[in-house]
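Q: I would like the atomic coordinates for the input below:
(chains A and B)
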Number of protein chains: 2
Amino acid sequence: MAQVHNPTLLPRLARQTPSKILFVVLDGLGGAVGPHPTALERAHHPHLDALARRSALGRYVPVADGVTPGSGPGHLAIFGHDPLEVEVGRGLLETLGVGVDVHAGDVCARGNFCTLDAQGLLADRRAGRIPTELSRPLAEALQAQVGRIEDVNVEVYPGLQHRFSMVFRAPGLGDRVSDTDPQLPGVAPLPAQAADPASGKTARVANRFVTLAREILGSRERANAVMLRGFSGRPPLATLRSMAALTACAVAAYPAYRGVARLLGMDLVAGVGPSSTIAQEVDALERAWRSSTQPYDFFFLHIKGTDSAGEDGDEAGKAGVLEEFDLEVPRILALQPDVIMITGDHSTPGPMASHSWHPVPFLLSGPWCEPDGLPRFDEACCRRGALGNAVPGTSLLRLALANAGKLAKFGA
Amino acid sequence: MAQVHNPTLLPRLARQTPSKILFVVLDGLGGAVGPHPTALERAHHPHLDALARRSALGRYVPVADGVTPGSGPGHLAIFGHDPLEVEVGRGLLETLGVGVDVHAGDVCARGNFCTLDAQGLLADRRAGRIPTELSRPLAEALQAQVGRIEDVNVEVYPGLQHRFSMVFRAPGLGDRVSDTDPQLPGVAPLPAQAADPASGKTARVANRFVTLAREILGSRERANAVMLRGFSGRPPLATLRSMAALTACAVAAYPAYRGVARLLGMDLVAGVGPSSTIAQEVDALERAWRSSTQPYDFFFLHIKGTDSAGEDGDEAGKAGVLEEFDLEVPRILALQPDVIMITGDHSTPGPMASHSWHPVPFLLSGPWCEPDGLPRFDEACCRRGALGNAVPGTSLLRLALANAGKLAKFGA
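A: Residues are numbered from 1 along each chain as shown, chains lettered A, B, ... in the order given. The predicted structure follows:
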């Protein structure tokens, strides 16, 4: 199983047409077939099943057999990029996702407010999940009191609860810098270390920022220090417009997925955020679908709850999210998309309580999709689908484009 | 789904043996499984079905999931070349197909006689499908009266009806030149334009040729101008002999497919042309099979009618061609080929009236082919075959060679 990744192929074949494609990503959708019923198997989702019966089913492999993807690689794959060839960091995605512009050469990082004890050891990696209204002024204070280190512009952007985003802007900053978050309590945060000479200055400036932050926050009882991770620059990456002649928008509530969408040149549909329900996300989708100002032909709808429940080991909760989504399927179908793809960005089996390498179920509905006629949308049916159980992730966008009549013939 | 394309693999393993392989290409064979029965599903083809029951079935992907191939890429794939790595143009294939020798550095084009109105706009792209006996003298007149432009030898070869072929021969001619055929009536033909500096001279000479042709033909009421398209040179391409130690011949009636065969180093079997019936093509196959002068071990039989009917949206007509072919299957089996591959070069679903991306059914019969025991030769059975529903196109030749005992062991 390998990706067919030929970056010149889609730009050559793709053509703009009025047909509309909807990509629904139920984050962490897949489970592992076995003795424990998966969330898709547990859930009652009659609308998805009815759609499945007239769809082509399959499972796709985001990176390579046996490889467990983070959220970035999974999304890259289904949007047409080989995740082995282009890596995108968490810092980049979250920073883009909170609305900051990031350019080639900038280095982003994801920040956490944390609590250190009197010995300087980590008492709480998340500073007790400090409320956003308390963490925001802290991020603003860091921005105001630091601003610049050496010749580097240092930007701090507030996030939800203990989170913030950072951008370092200056010439000559590499992004191969290690996390300062040791990922476990009771030890001291780590120094940022450069993995190559080009990143030495970035690491030095990052460490200086951490020191300054400790000086600024150190008198506080909690949220008295910061940790940085996911250092990453912006790689050159074709947008959906340049790659596939698409005018795309995204309904996504969480920063990382909003970041993926922005990185691929999608517009963000307004009015959704982390507290949005699935119904509210579908409301936003409807508004974008009917927008007269911007005629979109590609819609990315991201649903986070499936992954969150899976990561918590809560397969019943994950099934509940699927049932909540199923209730919205009739509204989605009423929009009459020409092509619908429903899938995930990776699998998150509840019993594993983590992302996994298992192929991810997908459902492709379109005028020439060759329906399998299988009765349900679940892993067991999807692995019997004619498109296969190990479809390369990068095939999904091509198949959707083909079904939407958006690809010209290749060759004489 | 990816091609395994390792150009050094087959030459290393292939060995000459007396066993004989028959590759039948029913052009545009595949349909799209769905509510409309495909041509293979409609047709009564008992001989193919009987053969299918003792064959391995599958479907192959010519280029990549979702990519609709032209005829060139599909044939390249099944004859062992990754079509993403080698592109062959229509001009090259048709020129080779009418018997002209083309060398590296030459640039070919496919020509049309067309009719312009008094304003110089396209009244008829095909000059009323002018009969061959009328178009031939026009092509000959162009050849006689042009002959050379700058230092470029300009060769014009008559074709069927409104078609002709051209070769431009001189040093320093690139082939990245755009078509002059706008593909729709009522507008003026386009100037040939170079996509790179190396092709500037080719475009200039081609435009001069079009101007001269207009002067020569301009007083005529119809067929008073020409259009050129499919500019293409001859890429380096391993022949079936150099790649697979095969001595190959082709029974193909139409120029483009005769061109594919010549490009791959196959001999053309005499006595077939566009008006040949399938039975007459099989007559020619029998003659070649029994030839004592040239002991072939690879036979390519090309049947065009399936694609023509599919492109016309005539699924019943396509089924009729399949039934006509089925009647010849006993004669083909009587030749006792060691290995038979029956497939297409791409799918052409009648309801779409065009080529499509759908995987192409194939049937592989041979002594060690692992029969599926499926009852029929149609898309539904082929997508259930154990070889799979998304077999890379380049696997077909290797599987045929292996079944014919023509591949040595790889590695120690």
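Q: What segments of the stretch 101-250 of chain A are strands?
A: Ranges of strands within the stretch 101-250 of chain A are A:107-116, A:122-124, A:148-149, A:152-158, A:163-169, A:225-232, A:248-251, based on DSSP state E, counting those that start in this stretch.
Q: Throw these into JSON lines and include distance to A:A14, thanks.
A: Every residue, glycine included, has its C-beta placed from N, CA and C. Below are the strands of the stretch 101-250 of chain A laid out as JSON lines (distance: least, CB to CB, whole Å):
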{"stretch": "strand A:107-116", "distance to A:A14": "30"}
{"stretch": "strand A:122-124", "distance to A:A14": "49"}
{"stretch": "strand A:148-149", "distance to A:A14": "43"}
{"stretch": "strand A:152-158", "distance to A:A14": "34"}
{"stretch": "strand A:163-169", "distance to A:A14": "32"}
{"stretch": "strand A:225-232", "distance to A:A14": "28"}
{"stretch": "strand A:248-251", "distance to A:A14": "12"}
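Q: out of those strands, which comes closest to chain B?
A: With CB to the nearest CB as the measure, strand A:248-251 is the member of the strands of the stretch 101-250 of chain A nearest chain B (17.5 Å).
Q: ok and whatever helix or strand comes next after the closest one relative to strand A:225-232, angle-wise?
A: Scanning forward in sequence from strand A:248-251 by DSSP states H and E, the next helix or strand is helix A:255-263. Taking axes from the mean of the first three to the mean of the last three CA atoms, to 10 degrees, one finds helix A:255-263 and strand A:225-232 inclined to each other by 30 degrees.
Q: can you redo the strands of the stretch 101-250 of chain A as CSV with mean pLDDT and mean neighbour count?
A: Shown next, in CSV, are the strands of the stretch 101-250 of chain A (pLDDT from 0 to 100; neighbours: other CB atoms under 10 Å in any protein chain shown):
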stretch, mean pLDDT, mean neighbour count
strand A:107-116, 97, 26
strand A:122-124, 96, 19
strand A:148-149, 96, 16
strand A:152-158, 98, 20
strand A:163-169, 97, 24
strand A:225-232, 97, 26
strand A:248-251, 98, 25
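Q: Any chance of those in a markdown table with distance to chain B as columns?
A: Formatted as a markdown table, the strands of the stretch 101-250 of chain A follow (distance: least, CB to the nearest CB, whole Å):
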| stretch | distance to chain B |
| --- | --- |
| strand A:107-116 | 33 |
| strand A:122-124 | 45 |
| strand A:148-149 | 46 |
| strand A:152-158 | 39 |
| strand A:163-169 | 36 |
| strand A:225-232 | 28 |
| strand A:248-251 | 18 |
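Q: which one of the ones you listed lies closest to B:V226?
A: strand A:248-251 (42.6 Å; CB to CB).
Q: Note down every partner strand of that closest one and its orientation.
A: Sheet pairing here is set by DSSP bridges, and for strand A:248-251 it gives strand A:267-268 (parallel), strand A:298-303 (parallel).
Q: how about these, which one is nearest A:K318?
A: strand A:298-303 (11.1 Å).
Q: chain center to the closest one: distance?
A: Centroid displacement of strand A:298-303 relative to its chain, using CA atoms, centre = their mean, to the nearest Å, is 11 Å.
Q: and what of stretch A:99-114?
A: 16 Å.
Q: pLDDT value on A:M1, please?
A: On pLDDT, A:M1 comes in at 37.
Q: right, I mislabeled it, should have said A:A412
A: Value for A:A412, per-residue pLDDT: 77.
Q: Number of residues surrounding the nearest residue to A:W357 once chain neighbours are set aside?
A: In this structure, A:W357 finds its nearest non-sequential neighbour in A:T68, 4.5 Å apart by CB to CB, 6 or more residues apart in numbering or on different chains. Residues lying near A:T68 (other CB atoms under 10 Å in any protein chain shown) number 17.
Q: on that earlier part again, if you compare the strands paired with strand A:248-251, which one is most tucked away?
A: For the strands paired with strand A:248-251, the largest average neighbour count (mean count of other CB atoms under 10 Å in any protein chain shown) is found in strand A:298-303, namely a mean of 26.
Q: All set now, cheers.
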